[in-house]
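# what's the 3D shape of this:
(one chain, ligands or ions: 1)
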Amino acid sequence: MNRNSPPSLMPTYAPFDVAFERGEGAYLYDSEGKKYLDFASGIAVTSLGHAHPHLVKALCEQAGKLWHTSNMYRIPEQKRLADRLVEVTCFDSLFFTNSGVEAMECALKLIRKYHYERGDTGRFRVISFTNAFHGRSLATIAAAKSEKLTKGFGPLPEGFDQVPFLDIEAVRAAITEETAAILIETVQGEGGILPVEPDDLKKLRELTDEYGLLLVLDEIQCGMGRTGRLFAFEWSDIEPDIIAVAKGIGGGFPIGACLAKAHVATAFKPGSHGTTYGGNPMAMAVGNAVLDEILKPGFLDSVVAISQLLRQGLEELKARHSDLITDVRGLGLMIGVEMATPARPLLEALIEEGMLAAAAGKKVIRLLPPLIITKTEVKEALEKLDRVLDAASKN
Ligand SMILES: *Cc1c(COP(=O)(O)O)cnc(C)c1O
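Here you go, the predicted structure:
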């Protein structure tokens, strides 16, 4: 055997040493039947929990009828989901993709096409922020700029200017005649769970209005009910021109979408953009089922209520473990618990304890429970965290 031969899977991940066989609601089970309380939700994806009956039914029924036809033909369920999303948001038109990065890529292309169609062909640069994460394509790593994402992948696409996170004066100073848009995650996810306050969103909106730029929000992680509103920007008074959505929109089926206001969306014409799979019948059956649940009266209010309970419990944990927890922050059920020590060993200890959470950066434990968690599950999570932190303090 060639001793340089790589593993059959390219070694791009460093997974925890655990695999799951099935899931139900907020729990996952491994092959030995051990139960795990899932506060990672596959990185904010399985927002309605695992094996949700309404989603399973929608998927199974669709699987027996039709999987894929391509966008060469009309896809009624795609139109239905688009109509419904337009109905409940400030956006007028959207494009379906299979992932978050594709939704971002669509947004980035739409920014350029919008200015081009207006005859403003010199406007193509996008202002982004430190610590951002927008996906792993060449354009989106160019927007994020961090060495971790970009090293070894140059030369990167032109046209991304980065300023310190939420430094509004730096944004103003970075605007030139070539600037086309400002791009920001409404709540920074991978960067450590840092929400943009409504006041700052307003200042960004004012800047974009003043200079004729587009305001583009990445709500791939924080959208679709995660913060207790359908989209996180809805906690403010502003309306963006474009948003990118994914993760929770499919509840575990790969779906993304780029939503835009009318004046922007009309820049795309037949042939401007496309995808083979995006918005296929399987994805749309699940997407419609997810929306059925999220739009149920009271659903988002219950997300707010349960998130307050979790947040309060975490504040109490912080008081009890002030040696270990340095900050608790976030919005709704997107919560960061910043630690004084690296997060990874704590996440491993949590797995032993039967609970899953994610990391954000090196020192933040990211809690992204399903939006359907109950008080009992919140209590269980707090107890498990408490035990793990107790053990960590003793070491
Ligand atoms: C996950 C994520 C992406 C990338 O989505 P993929 O589906 O992994 O391509 C982009 N932006 C944000 C904020 C994300 O959380």
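
# burial of the closest residue to the ligand within the stretch 251-395 of the chain, as a residue count?
Per C-beta to the nearest ligand atom, residue 256 is where the stretch 251-395 of the chain lies closest to the ligand, at 6.3 Å. In short, each C-beta sits where N, CA and C put it, glycine included. Residue 256 is flanked by 28 other residues according to other C-beta atoms under 10 Å.

# Which strand residues bridge it?
Under DSSP bridges, the beta-bridge partners of residue 256 are residue 97.

# so residue 278 makes contact with residue 71?
Yes - contact criterion C-beta atoms under 8 Å: residue 278 and residue 71 qualify, at 7.2 Å.

# So which of the two has more stuff around it?
residue 278 (26 against 15).

# any idea which helix or strand carries that one?
Assigned by DSSP states H and E, residue 278 belongs to neither a helix nor a strand.

# circling back to that earlier point, I figured the residue of the stretch 251-395 of the chain closest to the ligand hits residue 107, correct?
No - Residue 256 is beyond contact range of residue 107, at 10.2 Å (criterion: C-beta under 8 Å).

# which residue does this protein bring closest to the ligand?
Taking C-beta to the nearest ligand atom, the chain has residue 100 as its residue nearest the ligand, at 2.2 Å.

# Any idea how many residues pack against that residue?
With other C-beta under 10 Å as criterion, residue 100 counts 28.

# for residue 156, helix, strand, or coil?
coil (DSSP: H, G, I helix; E, B strand; the rest coil).

# tell me the contacts of the nearest residue to it once chain neighbours are set aside?
The shortest distance from residue 156 to any non-neighbouring residue, by C-beta to C-beta, 6 or more residues apart in numbering, is to residue 142 (4.0 Å). Residues in contact with residue 142 (C-beta atoms under 8 Å, 6 or more residues apart in numbering) are 150, 156-157, 159-160.

# Between those, identify the one with the most neighbours.
residue 160 (21 neighbours).

# give me phi/psi at that residue?
Backbone geometry at residue 160, expressed as degrees, to the nearest 10, gives phi -120, psi 130.

# Assign the nearest residue to residue 349 once chain neighbours are set aside to helix, strand or coil.
Excluding the flanking residues, the one nearest residue 349 by C-beta to C-beta, 6+ apart is residue 388, at 4.6 Å. Classification of residue 388 using three-state DSSP returns helix.

# Please shift the residue numbers so they start at 23 in all later answers.
In the new numbering, first residue 23, that becomes residue 410.

# Can you name the residues that contact residue 410?
By C-beta under 8 Å, 6+ apart, the neighbours of residue 410 are 368, 371-372, 375.

# Show me which residues of the stretch 173-322 of the chain sit near the ligand.
207, 211, 240, 242-243, 268-269 (C-beta under 6 Å from any ligand atom).

# Just send the residues you listed back as TSV, with neighbour count too.
TSV is the format used below for these (neighbours: other C-beta atoms under 10 Å):
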residue	neighbour count
207	26
211	26
240	30
242	28
243	29
268	28
269	29
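
# okay if I get those residues as a markdown table plus secondary structure and distance to residue 139?
Output for these, formatted as a markdown table (DSSP: H, G, I helix; E, B strand; the rest coil; distance: C-beta to C-beta, whole Å):
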| residue | secondary structure | distance to residue 139 |
| --- | --- | --- |
| 207 | strand | 27 |
| 211 | coil | 32 |
| 240 | strand | 23 |
| 242 | coil | 26 |
| 243 | coil | 30 |
| 268 | coil | 26 |
| 269 | helix | 30 |
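
# Can you check the distance spanned by stretch 209-227, start to finish?
For stretch 209-227, the first and last residues are 16 Å from each other (C-alpha to C-alpha, to the nearest Å).

# now do stretch 248-267
12 Å.

# Mind listing what's buried along that stretch?
By 16 or more other C-beta atoms under 10 Å, the buried positions in stretch 248-267 come out as 248-258, 260, 262-267.

# got it, and stretch 275-293?
275-283, 286-287, 289-290.

# Turn these into JSON lines, including secondary structure and pLDDT.
Formatted as JSON lines, the buried residues of stretch 275-293 follow (DSSP: H, G, I helix; E, B strand; the rest coil; pLDDT from 0 to 100):
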{"residue": "275", "secondary structure": "strand", "pLDDT": "98"}
{"residue": "276", "secondary structure": "coil", "pLDDT": "98"}
{"residue": "277", "secondary structure": "coil", "pLDDT": "98"}
{"residue": "278", "secondary structure": "strand", "pLDDT": "98"}
{"residue": "279", "secondary structure": "strand", "pLDDT": "99"}
{"residue": "280", "secondary structure": "strand", "pLDDT": "99"}
{"residue": "281", "secondary structure": "strand", "pLDDT": "99"}
{"residue": "282", "secondary structure": "strand", "pLDDT": "99"}
{"residue": "283", "secondary structure": "coil", "pLDDT": "98"}
{"residue": "286", "secondary structure": "helix", "pLDDT": "98"}
{"residue": "287", "secondary structure": "helix", "pLDDT": "98"}
{"residue": "289", "secondary structure": "coil", "pLDDT": "98"}
{"residue": "290", "secondary structure": "coil", "pLDDT": "98"}
